[in-house]
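In: attaching a predicted model along with its sequence, questions to come.
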Number of protein chains: 2
Amino acid sequence: MLTERQRMILNAIVDDYIRSAEPIGSRSISKRGDVGFSPATIRNEMSDLEELGFLEQPHTSAGRIPSHKGYRYYVDHLVRHGTLDAHELETVKLFFAEKVQEMEEVIQHTANMLSGLTNYTSIVLGPEVFTNTLKHLQIIPLNDKTAVAIIVTNTGHVENKTVAIPPGLPMNEIEKVVNLLNARLQGVPLLQFKSKLYTEVAGELNKYAVGYHELLNMVESVLENDEKDRIFLGGTTNMLTQPEFKDVDKVKNILDLLEQTPVLFKLVTSSPTGLQIKIGSENSLAAMNDCSLITATYSYDDQPLGTIGILGPTRMEYAKVIRLLEHLSANMEVLLSRWYK
Amino acid sequence: MLTERQRMILNAIVDDYIRSAEPIGSRSISKRGDVGFSPATIRNEMSDLEELGFLEQPHTSAGRIPSHKGYRYYVDHLVRHGTLDAHELETVKLFFAEKVQEMEEVIQHTANMLSGLTNYTSIVLGPEVFTNTLKHLQIIPLNDKTAVAIIVTNTGHVENKTVAIPPGLPMNEIEKVVNLLNARLQGVPLLQFKSKLYTEVAGELNKYAVGYHELLNMVESVLENDEKDRIFLGGTTNMLTQPEFKDVDKVKNILDLLEQTPVLFKLVTSSPTGLQIKIGSENSLAAMNDCSLITATYSYDDQPLGTIGILGPTRMEYAKVIRLLEHLSANMEVLLSRWYK
DNA sequence: AATTAGCACTCGTTAAGGTTGAGTGCTAAC
DNA sequence: GTTAGCACTCAACCTTAACGAGTGCTAATT
């Protein structure tokens, strides 16, 4: 579709624009070592590239900037992934050398490191609790009306919720049920927890007190508040350092969006396994028209666990971000396997 | 110190400036119904007020704006607290009518409501876990090296931490110790937990396995990660709507600060019981020179539990914020007493 | 046929000058 | 003690002009 020279020029323009954030003129491209043509020739090519939709002009007498389509072509065909530089390698290495006990800590620190290394905002989706298996279930009464229900998973994750005790259900009955549940459901993936609760265990519970049905609902409800606990952000204020967002109103829209976990959740969940790049309007949220989102999934044993992502301006250092995300997701997979044994 | 007329004029200037965010001229004060003097007279008084340090002038030919000292005098002597308006009353009433199970939810929602009603940023410090008493302690082994230690308090709060199992300590020994701890320490305030752990219980544990000392350390460490879980923020992006923060660099400093929980913690902990107002440089952080922080503590049974606060520009609607904080802290005390029974 | 030099043209940016108007301080009259 | 009057200040705004980075087109060059 594009000639070799056009690709070369498009590549040069995107690269330069990512660095300078200013429209790029024909002369400055011509002066680069790697393109041996006069400004006039470059101009003709640029004009063609604009007609094809890869470039646009802020106004007649300015240089060109890449269009969304231009970025898309750049990331699809031109960008060279390369390897991490010394500083990045060192930071990542140090990070993964640290011994941490809690998985959540790993996730949050990954988000922080990502935003620190890139100067963009990071969005990390932690493993969903449903991939874990039940380790222990417990109900601790606080008084005669309420109790705390606690679920511990094989990864050491603890979910807990304060619940109302079904009236007329004596404590020793509750204990019996909990013991039974522990005996029967230990090792069961939480994803199947709910169904097993009713199919396998419910029958056996008929001989117990009448309130057992409410009790099961109660146990089940502990797993409800999941979504928002899976989202971790890093470097949200980095958005403010980008020249394209020096306008307060624009940046407010984006920061507001970052506070709505359901939106973020959808944004970061919708990606398929592997690396995904969404440029500008490709991600359908009006507030993110000037942003690109790059995400990479991480898995254990071929089962996707979560996503790490970087949100930045469309004028993003794609090469750097891509290689960082790939490197980090691979490292995370190794590290997290510890919890999944 | 100030004449009645000076107080009247200062009050008018602060009020008007809070509303308009523009320097106030003598003519506009004179035209207000409540001050029956000509612009010239007002000018003379303004000049005096400036000399006394209550007002300042952005430049010679502009009106006056309140200085920090001016705001200070205003909140100390002039501001009338008044009562909540219908909308505020309704919102608060609805909020406290809702039945919520988790205390954390109450705290977070309070923060959201505060920022929603004021258009400023809210900082809420939740009750510290150490005021609670121990309800239940448990250690769940994940594998032969790690375990999850869980502490449930009388308020239904759950603290948990993944810890390394002291090597060579068999599981049934651990169970014995945990049972003993539960029997002995239930109902003990967590504040005294540590000392009781060593004075009362340690002696009795001598007859058990050698590793019990590490085990106690392990239990103790669960209570370490407190600070950051107590801070709740609401409406952080509201800062961006204030005209004094339309400059991205200024607002970045403040937003960065809001991400540092230790700083926030110090900021909001240092206040004595009751209402406190810190104006501009009074709160010693350079980034907050253009901000005011108003905090109110809430207690149960004369013991301070936490703080609710509003961060906004020095040009803040003091009257409104003060009455909201007072009203809310009172309501919170009633609501939270439920958890403290 | 492809490339390039040359040149007129466009248009945002910057600086300079001029006008406006809100606001002041001072003085003199009330 | 208060106020009217007036000269003065200065940010904000507008206009104008010069500048220059960049373009598109045409004609000459390779």
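Out: Looks like it arrived, so ask away. Residues are numbered from 1 along each chain as shown, chains lettered A, B, ... in the order given.
In: okay, CA-based contacts and neighbour counts for the rest of this
Out: Will do.
In: that's a helix at A:Lys278, yeah?
Out: No: counting by DSSP: H, G, I helix; E, B strand; the rest coil, A:Lys278 is not part of a helix but strand.
In: report how many residues lie close to it.
Out: Counted with other CA atoms under 10 Å in any protein chain shown, the neighbours of A:Lys278 add up to 18.
In: look up how far A:Asn112 lies from it.
Out: Here A:Lys278 is placed at a distance of 22 Å from A:Asn112 (CA to CA, to the nearest Å).
In: swap in A:Ser270?
Out: From A:Ser270 to A:Asn112 the distance is 22 Å (CA to CA).
In: higher neighbour count, the two?
Out: Ranked by neighbour count (other CA under 10 Å), A:Ser270 and A:Asn112 place A:Asn112 first, with 20 against 10.
In: now do the phi/psi pair for the residue nearest to the more buried one when sequence neighbours are not counted.
Out: Using CA to CA, 6 or more residues apart in numbering or on different chains and skipping residues adjacent in sequence, the residue nearest A:Asn112 is A:Gly234, 4.7 Å away. Main-chain torsions, A:Gly234, degrees, to the nearest 10: phi -140, psi 140.
In: A:Gly234 contacts A:Thr118, doesn't it?
Out: No: proximity of A:Gly234 to A:Thr118 does not meet the contact threshold set by CA atoms under 8 Å, at 10.7 Å.
In: helix/strand/coil for the residue of the stretch 51-200 of chain A found nearest DNA strand C?
Out: Using CA to the nearest atom of the strand, the single residue of the stretch 51-200 of chain A nearest to DNA strand C is A:Ser61, 3.8 Å away. Classification of A:Ser61 using three-state DSSP returns coil.
In: what is the burial count for it?
Out: By the criterion of other CA under 10 Å, A:Ser61 has 8 neighbours.
In: how about A:His68?
Out: The burial count assigned to A:His68 is 23, neighbours taken as other CA under 10 Å.
In: for it, give me its contacts.
Out: A:Phe54, A:Ile279, A:Gly280, A:Thr314 (CA atoms under 8 Å, 6 or more residues apart in numbering or on different chains).
In: for DNA strand D, see how far away it is.
Out: Applying CA to the nearest atom of the strand, to the nearest Å, the value for A:His68 to DNA strand D is 18 Å.
In: secondary structure element holding A:Asn160?
Out: Using DSSP states H and E, A:Asn160 maps to strand A:158-164.
In: show me what that strand is packed against.
Out: strand A:146-153 (3 or more CA pairs under 8 Å, 6 or more residues apart in numbering or on different chains; DSSP states H and E).
In: now the angle from the strand it packs on to strand B:146-153?
Out: 170 degrees (axes from the mean of the first three to the mean of the last three CA atoms, to 10 degrees).
In: mind listing what's buried in stretch A:80-93?
Out: A:Leu84, A:Glu88, A:Val92 (16 or more other CA atoms under 10 Å in any protein chain shown).
In: please state the offset of stretch A:212-223 from the chain centre?
Out: Its chain's C-alpha centre and that of stretch A:212-223 lie 31 Å apart, by CA atoms, centre = their mean, to the nearest Å.
In: could I get the CA-only coordinates of that stretch as CSV?
Out: What follows is stretch A:212-223, C-alpha atoms only, in CSV (Å, rounded to 0.1, in the frame of the first residue of the first chain):
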residue,chain,number,x,y,z
TYR,A,212,-29.5,-22.8,56.2
HIS,A,213,-30.7,-21.3,52.9
GLU,A,214,-30.2,-17.8,54.1
LEU,A,215,-26.9,-18.9,55.4
LEU,A,216,-25.7,-20.0,52.0
ASN,A,217,-26.8,-16.7,50.5
MET,A,218,-24.8,-15.0,53.2
VAL,A,219,-21.7,-17.0,52.4
GLU,A,220,-22.2,-16.4,48.7
SER,A,221,-22.5,-12.6,49.1
VAL,A,222,-19.0,-12.4,50.5
LEU,A,223,-17.7,-12.8,47.0
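In: quick one: neighbours of A:Met1, just the number.
Out: Close neighbours of A:Met1, defined as other CA under 10 Å, add up to 5.
In: show the pLDDT at it.
Out: At A:Met1, the pLDDT value in this model is 83.
In: likewise A:Lys207?
Out: The score at A:Lys207 is 64. That number is its pLDDT.
In: helix/strand/coil for the closest residue to A:Thr269 other than its chain neighbours?
Out: Distances taken as CA to CA, 6+ apart put A:Thr307 closest to A:Thr269, at 7.4 Å, once the chain neighbours are dropped. Secondary structure assignment for A:Thr307 (three-state DSSP): strand.
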